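>>> I would like the atomic coordinates for the input below:
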Amino acid sequence: MATSYIGLELGSTTTCIYKAGNGIVLKEPSLIAMPTNLKIKDVKAIGSDAKRLIGRVSDNISVLSPISNDVIQYEDLAIYMLKGFLKKVFPNRQIGHNIKAVVCTPLGLSPTEKKQFEIVCYKSGIADVYLVPDVISFALGNGIDIKSDTSQMVVNIGGDTTNIATMANYSIISGYNFSIGGSIISIAIAKYIDETYNIHISVEQAERLKVEIC
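Residues are numbered from 1 along each chain as shown. All right, here's what the predicted structure looks like:
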């Protein structure tokens, strides 16, 4: 029985999948395009394909994220979206092929909210799910020595939220998650350019400026 190991981040703005042996194999917007009746059978697109539909579809089509402020708001839509992403990563997946995932989760989730992430993963076809605070995975990915007895501080700015934590001896000493992230920064950039230079740009253009400059 074949087994694949992945790292998964289901974020409010972006879903990222890391596959052992291959590196990052998927990084797409956490978006789903569908009629306003929110019926799964009528989904038009997910991920990058859904993002391309923003501003190009009729009023009865919505492009939304199943996840808001790092909390799963629409469980069935999150399952549909993740299934689609996994199909892109494993297009020829055979019966009996197991997927085991380490899933990054934000700080401050309630037990019920954590359980939602597990349910979405299991119902999407993942066999084993291990939840890990995203500040720990962020620290490891950036070469921070979390085993040290000297405290290390990590600031991870996501799309909708920012996680800040101090860590030492493989554990989180103190951490906080608050609802200010990259999306709000992009809105602020667009507003600043409009008010300062009288030039109106979209939030998407502000996002590109932010990424290119940083």
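>>> mind listing the strands for the protein?
3-10, 14-19, 23-29, 32-35, 45-46, 61-64, 67-68, 71-72, 98-105, 128-133, 152-157, 162-168, 171-178 (DSSP state E).
>>> how many degrees apart are the second one and strand 23-29 in direction?
The directions of strand 14-19 and strand 23-29 differ by 160 degrees, with axes from the mean of the first three to the mean of the last three Cα atoms, to 10 degrees as the criterion.
>>> Let me know the average pLDDT across strand 14-19.
Average pLDDT, strand 14-19: 96.
>>> Same question for the third one.
Mean pLDDT, taken over the full extent of strand 23-29, equals 96.
>>> That one: how far from the chain's middle?
When distances are taken as Cα atoms, centre = their mean, to the nearest Å, strand 23-29 is centred 10 Å away from the chain's centroid.
>>> same thing with stretch 37-52?
17 Å.
>>> Also stretch 69-87?
Using Cα atoms, centre = their mean, the offset of stretch 69-87 from its chain centre is 10 Å.
>>> residue contacts, Ala211?
Wrong residue type there; residue 211 is Val, not Ala. Val211 makes contact with no residue, according to Cβ atoms under 8 Å, 6 or more residues apart in numbering. C-beta here means a position set from N, CA and C on the backbone, and glycine is covered the same way.
>>> So what would you say the end-to-end distance of stretch 150-159 is?
This stretch, stretch 150-159, spans 29 Å end to end (Cα to Cα, to the nearest Å).
>>> buried residues in that stretch?
154, 156, 158-159 (16 or more other Cβ atoms under 10 Å).
>>> Repeat that for stretch 90-104.
Buried-residue list, stretch 90-104, by 16+ other Cβ under 10 Å: 90, 99, 101-104.
>>> Output it as PDB, nothing but the C-alphas.
Extracted in PDB, the C-alpha atoms of stretch 90-104 (Å, rounded to 0.1, in the frame of the first residue of the first chain):
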ATOM      1  CA  PHE A  90      -2.400  13.200  -6.900                       C
ATOM      2  CA  PRO A  91      -4.100  13.000 -10.400                       C
ATOM      3  CA  ASN A  92      -3.600   9.300 -10.700                       C
ATOM      4  CA  ARG A  93      -4.200   8.300  -7.200                       C
ATOM      5  CA  GLN A  94      -5.000   4.500  -6.900                       C
ATOM      6  CA  ILE A  95      -7.300   2.800  -4.400                       C
ATOM      7  CA  GLY A  96      -5.400   1.900  -1.300                       C
ATOM      8  CA  HIS A  97      -3.000   4.900  -1.700                       C
ATOM      9  CA  ASN A  98      -2.900   6.600   1.700                       C
ATOM     10  CA  ILE A  99      -2.200  10.300   2.300                       C
ATOM     11  CA  LYS A 100      -0.800  11.300   5.700                       C
ATOM     12  CA  ALA A 101      -0.800  15.100   6.400                       C
ATOM     13  CA  VAL A 102       0.800  17.500   8.900                       C
ATOM     14  CA  VAL A 103      -1.700  20.300   9.000                       C
ATOM     15  CA  CYS A 104      -0.800  23.900  10.100                       C
END
